[in-house]
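Engineer: Show me how the following folds:
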Amino acid sequence: MNTSRALKLIFALGLFLGLSFNNQLLAQEQYKLTGKPELKVTGTSTLHDWEMASVQSLGKAEMIVEGASLKDVKSARVVMKTETLKSGKDKMDEIAYETLKTKKHPEIAFTLTSFKNLSGNKAQATGNLTIAGTTKPVTFIVETTVKGGAVYLTGETGIKFTEFNIAPPTALFGTVKTGNDLKLLFKVNFQPNAI
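Structural biologist: The predicted structure is shown next:
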């Protein structure tokens, strides 16, 4: 074998190994939702502002992490039982569950359709949100952090009851009315699945 051909083979082998190594660094990895994911809904009423929160949900994602930064989220899905949302007031919870039709539609789910990194550690996550049996696209503005292999995400978006075919609830024979606008907030972390 002549020297020129040998050098080309060595170069090609080095290039192949280098590309393989880089692909391993940027390999998509399976993650699962861990800890106590915080999911919160806030709104207004003619009586006072209100919020309901849950720390119970299940989720999985396929992500690309490089060093201390989240490069991409290829897929993600988070599901929670609607009746894990609590306000601290039994009557309000009862009205909320009736409004959200939890007997017929016991879960709220979000399925990611696209993920786009913005400046710094900010990103835009768009997906299909299903509430009370109606599915609509929503976009969250998200802050991302990677620590010790775990991916931490916080985000928020605004929605309306009526976008999901839900009439804003009322109480006390209609004298207390809930506003149509809601804010959804979340604070979650994903850990790589154990191999």
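
Engineer: gap between the nearest residue to residue 43 once chain neighbours are set aside and residue 140?
Structural biologist: With Cβ to Cβ, 6 or more residues apart in numbering as the criterion, residue 43 has its nearest non-adjacent residue at 4.9 Å, and that residue is residue 182. Where you see a C-beta, it was placed from the backbone N, CA and C, and this is true even at glycine. As judged by Cβ to Cβ, to the nearest Å, residue 182 and residue 140 stand 13 Å apart.

Engineer: Counting neighbours, what do you get for residue 52?
Structural biologist: Under the neighbour criterion other Cβ atoms under 10 Å, residue 52 is assigned a count of 20.

Engineer: Name whatever forms a beta bridge with it.
Structural biologist: Here residue 52 shows beta-bridge partners residue 41, assigned using DSSP bridges.

Engineer: Contact partners for it?
Structural biologist: Applying Cβ atoms under 8 Å, 6 or more residues apart in numbering to residue 52 gives the contacts 40-41, 85-87, 92-93, 96.

Engineer: try residue 131
Structural biologist: Listed by Cβ under 8 Å, 6+ apart, the contact set of residue 131 reads 100, 105, 108, 164, 166.

Engineer: confidence score at it?
Structural biologist: Per-residue confidence at residue 131 stands at 96 (pLDDT).

Engineer: Adjust the sequence numbering to begin at 39 for everything that follows.
Structural biologist: Okay, using 39 as the starting number, the last item reads as residue 169.

Engineer: Would you mind giving me the PyMOL syntax to select the buried ones in the contacts of residue 90?
Structural biologist: For anyone working in PyMOL, the buried entries among those, judged by 16 or more other Cβ atoms under 10 Å, can be selected with:
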select buried, resi 78+79+123+124+125+130+134
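
Engineer: Which members of the contacts of residue 169 occur in strands, if any?
Structural biologist: Judged by DSSP state E, the contacts of residue 169 include residue 146 as members of strands.

Engineer: which of the contacts of residue 169 lies closest to residue 94?
Structural biologist: The nearest member of the contacts of residue 169 to residue 94, counting by Cβ to Cβ, is residue 146 at 11.4 Å.

Engineer: low pLDDT regions in this structure?
Structural biologist: 39-66, 210-213, 232-233 (pLDDT under 70).

Engineer: Residue 134 falls within a helix, correct?
Structural biologist: Yes. Looking at residue 134 with DSSP: H, G, I helix; E, B strand; the rest coil, it is inside a helix.

Engineer: so what's it closest to, chain neighbours aside?
Structural biologist: residue 90 (6.3 Å).

Engineer: ok, so what distance separates the one you found from residue 223?
Structural biologist: According to Cβ to Cβ, residue 90 stands 11 Å off from residue 223.

Engineer: do the same with residue 98
Structural biologist: Taking Cβ to Cβ as the measure, residue 98 falls 21 Å from residue 223.

Engineer: OK, contacts around the closest residue to residue 154 other than its chain neighbours?
Structural biologist: The shortest distance from residue 154 to any non-neighbouring residue, by Cβ to Cβ, 6+ apart, is to residue 162 (4.6 Å). Shown here is residue 162, whose contacts under the criterion Cβ under 8 Å, 6+ apart are 152-154, 156, 177-180.
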